[in-house]
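Chemist: what shape does this take:
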Amino acid sequence: MKKLLIALAAVLVTAATYGQGQVNFANRVGSGGSILNAPVTIQGTTDGPGPDYSAQLFLVGANSSLTPLTPVSTFNKAGTGSGAISSQFWAPQTVTIAGHFAGESLNFRVQAWKTSLGTYDQAKASNGGFGSSADFSAVLGGAAQDPNTPPSTPSNLVNLKSFTVLPVPEPSVIALGVLGASALLLRRRK
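Modeler: Take a look at the predicted model:
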């Protein structure tokens, strides 16, 4: 009985992953970014967001609806020396897109946000620490629909373009703004 359950579980896992399209969720691919080089920077600087920021790939559907794809990735630390990876790039990961097959073209969007602010939407509500790519298309790699066709490697997001994230407002700037508004209100009352 145990052997039968193990065999059934193996068949279900194989069936679940069969025919799933895949992409290489990375914004830098190839030696020196020869295949893809789409750095993410903090607006107004050449600095990358760094390890305090997350990036996530979304499938863009009808009416611009977004379906989050996992896993979420974090940006690299700023490195030094030969071969160092900049903080403008996130750690690459393979993302499987359930229900879609190799060779299929889909539309995607990447969102990045300061991890300590919670989610992308929470970062957006705080008016800083978030950014989003323009929508772009990619042809899926990965397992083929035809069992006689050998699987290919995950495809790269070659149409992804660089984008920026808004800086997180400094608490001192917010405090000065509140202080200035309070002074104006007091002055107006007199």
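Chemist: just the helices in the protein please.
Modeler: 2-17, 120-125, 171-189 (DSSP state H).
Chemist: mean pLDDT lowest for which of the ones you listed?
Modeler: Least confidently modelled of the helices of the chain is helix 2-17, at a mean of 50 by mean pLDDT.
Chemist: excluding its backbone neighbours, what's nearest the residue most central in space within the chain?
Modeler: Nearest to the mean C-alpha position of the chain, by CA atoms, centre = their mean, lies Q56 at 2.6 Å. In space, and not counting its chain neighbours, Q56 is closest to V72: 4.7 Å by CB to CB, 6 or more residues apart in numbering. Every C-beta, even on glycine, is put in place using the N, C-alpha and C of the backbone.
Chemist: quick check, that neighbour in contact with Y53.
Modeler: No. Using CB atoms under 8 Å, V72 makes no contact with Y53, being 10.6 Å away.
Chemist: the more surrounded of those two?
Modeler: Legend: neighbour count by other CB atoms under 10 Å for V72 and Y53, higher for Y53 (25 against 16).
Chemist: now do the more buried one, the pLDDT please.
Modeler: 96.
Chemist: who's in contact with the nearest residue to it once chain neighbours are set aside?
Modeler: Once flanking residues are discounted, Y53 sits nearest to F75: 4.9 Å by CB to CB, 6+ apart. By CB atoms under 8 Å, 6 or more residues apart in numbering, the contact list for F75 reads 40, 48-55, 87-91, 112.
Chemist: which of these lies closest to S64?
Modeler: Closest approach between the contacts of F75 and S64, by CB to CB: A112, at 18.2 Å.
Chemist: for the residue nearest to G128 when sequence neighbours are not counted, give me the pLDDT.
Modeler: Spatially, and ignoring its direct neighbours in sequence, G128 is nearest to V168 (4.2 Å; CB to CB, 6+ apart). pLDDT for V168: 86.
Chemist: wait, what's in contact with V168?
Modeler: Contacts of V168 by CB under 8 Å, 6+ apart are 114, 117, 126, 128-129.
Chemist: for these, pick the one with the most neighbours.
Modeler: That'd be G129 among the contacts of V168, by other CB under 10 Å, with 24 neighbours.
Chemist: list the contacts for the residue nearest to the centre of the chain?
Modeler: Taking CB under 8 Å, 6+ apart as the test, what Q56 contacts is 68-70, 72-73, 110-112, 120.
Chemist: can I get the residues you listed in JSON lines with distance to G30?
Modeler: As requested, those are exported to JSON lines (distance: CB to CB, whole Å):
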{"residue": "P68", "distance to G30": "27"}
{"residue": "L69", "distance to G30": "22"}
{"residue": "T70", "distance to G30": "25"}
{"residue": "V72", "distance to G30": "23"}
{"residue": "S73", "distance to G30": "18"}
{"residue": "V110", "distance to G30": "18"}
{"residue": "Q111", "distance to G30": "24"}
{"residue": "A112", "distance to G30": "21"}
{"residue": "Y120", "distance to G30": "28"}
